[in-house]
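# I'll drop the sequence and a predicted model, then ask my questions.
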Amino acid sequence: MDAQAQARAPILEALQRYREMRVVPFDVPGHKQGRGNRELTEFLGQKCLSVDVNSMKPLDNLCHPVSVIREAEALAAQAFGAADCFFMVNGTTSAVQSMILSVCKRGDKIIMPRNVHRSAINALILSGAVPVYVNPGTNQKLGIPLGMALEDVRAAIEEHPDAKAVLVNNPTYYGVCSNLRGITQIAHEAGMAVLADEAHGTHFYFGNGLPVSAMAAGADLAAVSMHKTGGSLTQSSFLLSNGRITPGYIRQVINLTQTTSGSYLLLSSLDISRRNLALHGRGIFRKVSEMAAYAREEINRLSGYYAFSKELIDGDAVYDFDTTKLSVHTRDIGLAGIEVYDLLRDDYDIQIEFGDIGNILAIISVGDHNQAIERLVSALSEIRRRYAKDPQGMLDHEYINPVVVMPPQEAFYARKDAVPFRESAGEVCSEFVMCYPPGIPILAPGEWITRDILDYIAYAKEKGCFLTGTEDIYMEKINVVAKD
Amino acid sequence: MNLWYTENHSKDARFSIKVERQWVSVQSEFQKIDVLESREFGRFLTLDGLMMLTEKDEFIYHDMIVHVAMAVLPRVQKVLVIGGGDGGTVRELVRYPNIEHIDLVEIDAMVVDVCREYLQQTACELDNPKVHLHIADGLRFVRGKEAEYDLIIVDSTDPFGPGEGLFTREFYGNCYKALKDDGSLVNQHESPYYRKYADSMRRAHRRIVDCFPICRVYQAHIPTYPSGHWLFGFASKQYDPLVHFDEAAQQRWNALNLHTRYYNTELHQGCFALPTYVKELLLEQEPDGRKGGCAQ
């Protein structure tokens, strides 16, 4: 990597030049560098509003970049070891969807684990591609879905040689990685593209002792959530490509759904964050890993909690583990993860990423310091002292392998009936049901609704999970595919 | 030379002391540490520009953070002091023959070093064999303790820097756990007057009330602290600092013959009588009233 080149930030520099030019704006946005909206300017700051500007010649255009955005994308590609990089302003959701839409047309098959983020299944509804699910391994004690076993992927490839692509979580929300190099090799041998959802893996590109990144593993495309652990603003993201797919075509696909008014606040945040990671990323993530390791050690000394890590590695469904993730199993103190999550916020003013049935996840990042970690550990110690109870009777799994009856697009657009949840067993679901976060569907369009799944949903609801996805915002009725 | 130290007591109110010379100015991992010399207050210590203590009026703070509890509690043997790297609190504690062991937990080694060198008035007992100094995060230190101490004294900075973790519910909860069945906790409780300090005071009070069955607040006049009106909290699993401060307790304390320039047993009873607006601020933090009210 060329450190001198990486010290540049073309979009930032262009915005600084623009500011100095004191241009008189007769274009959008109508707030005209903040002057037209005093309250907003006061809240966000004049500096911020003054660069919330429209595409123009000196600032390039995200839909068809030829100057500063193109340069910034080239620098990002270099920093991440990719051939091409696309700046994304509609979230990593849009990056995941663009990956899938770039390789799958209507009716094409795509091999993926079922524990993907909703954005991946959304892409199937948009494209009409058909999923071939590989059941992820599960850890019995923790109740969490793991990665895909290499042999399971091989079997899926052999059974569906016409599939166009394999999608891999690198890592899962909990930090579990599949054997990405191995999967990439067998997929490529079968002529399939490999897509990596790296929403939680930005730091893999700058870590020592961290799992392999998608580009290093030879994957074709990767959706990288710069805003999650890379430091950029919420909603900004990268789509990386190793060059096997024509960049012009990927750009066309991105432009199908991405805004034509790309925000320069988001774009400059990507540019500045890329520079920071390229120049200082290794040191930053070393510190993050150390903080997470310290927190795990301290939490594991409080009996009852289990902050898991590399000991889960089994060379297969847990091929590697992301040690920057602080995932803690809470069921043994008799509390659901979501209950610990709520207590941390309500009683201790500590906001963590998510709590599900048996676990919580805290994100440790460049912005953390040791004293915040001490607070988290101490609060967990207090929660155990004050609230721990007998774990008997608690649900012990996060994940139920679904039975897919019809492709997501077909089920989503089918004629449907809204029926009460408790009466829906045996029907085919026509929409999503998930806890958010983590946003991994419990039910997706086209899947059988079973008694087990309904019990799980009722339990999650009772424990205080935030359920989303259905048309009925009160979550009383569920849309099922109508019977003829 | 016209050199002045100024602290903003609020956004729009300042407090200044004419400075004769600066003894030291260093930046530690946690904060900026300065020792200055003045005619009016002698030497004084500031952290991140905020007044911590002066040679002239530190006796008020250290009398009140130590002697009120020590006069109430009959059998204190083991004490934990969190913060207080200047040594003033342990200097007062070592005067009690019944105290056998004091753990002093200060996060910033440089504060201790600076005070040893420039503020012997407070640091003079740091090497007393009863005093065990730990350079550590207070929150972490107390987390590992269970039913160990008779008294915990939280001698912290304001909750706007490294002291923030010492104003949290997890901290007070862990202190509760670290105390014996009849243990008590004293903390510097901020000030009721300026808004920013009053907010800290209320937050601290809410969290202590959540953790301890008995919570009372008392006051002192400290000229160099914002508004001069400063509060302390006394929380306990068993002892009420007024009810249990009976004739016998008063005699017991007076028999120790400790000369204190601020504290005395009459002041003890008076310092729990709070102004009405302060009582109201505190009572707002006791939603169910079950603690009986810190302000009686």
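Great, that's in hand.

# And for B:Ala109, the neighbour number?
Neighbours of B:Ala109 under the rule other Cβ atoms under 10 Å in any protein chain shown: 15. Backbone N, C-alpha and C define where each C-beta goes, glycine included.

# which residues of the stretch 251-400 of chain A score low on pLDDT?
Judged by pLDDT under 70, the stretch 251-400 of chain A has its weakly predicted residues at A:398.

# ok, which stretches of it are helices?
For the stretch 251-400 of chain A, the helices defined by DSSP state H, counting those that start in this stretch occupy A:264-301, A:337-348, A:370-387.

# Just give me the neighbour total for residue 132.
No chain specified, so I'll use chain A. 16.

# please go with chain B instead
B:His132 has 13 nearby residues by other Cβ under 10 Å.

# now it, which residues is it bridged with?
B:Asp103 (DSSP bridges).

# The residue nearest to A:Phe466 when sequence neighbours are not counted and B:His67, how far apart?
Closest residue to A:Phe466 apart from its sequence neighbours, by Cβ to Cβ, 6 or more residues apart in numbering or on different chains: A:Tyr436 at 5.6 Å. Relative to B:His67, A:Tyr436 is positioned 55 Å away (Cβ to Cβ, to the nearest Å).

# Looking at the two, which one has more neighbours?
Higher neighbour count among A:Tyr436 and B:His67: B:His67, with 24 against 14, using other Cβ under 10 Å.

# Enumerate every residue touching that one.
Counting by Cβ atoms under 8 Å, 6 or more residues apart in numbering or on different chains, B:His67 touches B:92, B:253, B:258, B:260, B:263.

# Including pLDDT, could these go into a markdown table?
Listed next are the contacts of B:His67 as a markdown table, based on pLDDT from 0 to 100:
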| residue | pLDDT |
| --- | --- |
| B:Glu92 | 98 |
| B:Trp253 | 96 |
| B:Leu258 | 95 |
| B:Thr260 | 97 |
| B:Tyr263 | 97 |
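
# Can you verify B:Asp150 is assigned to a helix?
No - read with DSSP: H, G, I helix; E, B strand; the rest coil, B:Asp150 is strand and lies in no helix.

# which residues touch the residue nearest to the spatial centre of chain A?
Most central in chain A under Cα atoms, centre = their mean is A:Ala199, positioned 3.4 Å from the mean C-alpha point. The contact partners of A:Ala199, by Cβ under 8 Å, 6+ apart, come to A:92, A:96, A:117, A:223-225, A:228.

# Looking at the contacts of B:His67, which are in helices?
Counting by DSSP state H, these place B:92, B:253 in helices.

# Return the members of the contacts of B:His67 classed as buried.
For the contacts of B:His67, a burial check counting by 16 or more other Cβ atoms under 10 Å in any protein chain shown picks out B:92, B:253, B:260, B:263.

# How many residues are close by the nearest residue to the second one once chain neighbours are set aside?
Computed as Cβ to Cβ, 6+ apart, the closest residue to B:Trp253 that is not its neighbour in sequence is B:Ala71, at 4.1 Å. Residues lying near B:Ala71 (other Cβ under 10 Å) number 23.

# Next, the contact list for B:Ala71, please.
Going by Cβ under 8 Å, 6+ apart, the list of residues near B:Ala71 reads B:245, B:249-250, B:252-253, B:263, B:265, B:268.

# and the helix or strand harbouring it, average pLDDT?
Per DSSP states H and E: B:Ala71 is located in helix B:58-72. Helix B:58-72 carries an average pLDDT of 98.

# Extract the C-alpha trace of that helix and format it as CSV.
The C-alpha trace of helix B:58-72 is given here as CSV (Å, rounded to 0.1, in the frame of the first residue of the first chain):
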residue,chain,number,x,y,z
GLU,B,58,-8.6,21.6,52.6
PHE,B,59,-9.1,20.8,56.3
ILE,B,60,-12.9,21.5,55.9
TYR,B,61,-13.3,19.0,53.1
HIS,B,62,-11.1,16.3,54.7
ASP,B,63,-12.7,16.8,58.2
MET,B,64,-16.1,16.4,56.7
ILE,B,65,-15.5,13.4,54.5
VAL,B,66,-13.9,11.4,57.3
HIS,B,67,-15.0,12.4,60.8
VAL,B,68,-18.8,12.4,60.4
ALA,B,69,-18.8,8.8,59.5
MET,B,70,-16.0,7.8,62.0
ALA,B,71,-18.0,9.4,64.8
VAL,B,72,-21.1,7.4,64.0
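
# tell me which parts of the stretch 101-250 of chain B are close to chain A?
B:137, B:139-140, B:143, B:162, B:164-165, B:168-171, B:173-174, B:177 (Cβ under 8 Å from any Cβ of the partner chain).

# Out of those, which one has the lowest pLDDT?
pLDDT is lowest at B:Pro162 among those; the value there is 79.

# For the stretch 151-300 of chain A, which residue gets nearest to chain B?
A:Glu298 (7.7 Å; Cβ to the nearest Cβ).

# Sticking with A:Met434, tell me its helix or strand.
Going by DSSP H and E, A:Met434 is in strand A:433-435.
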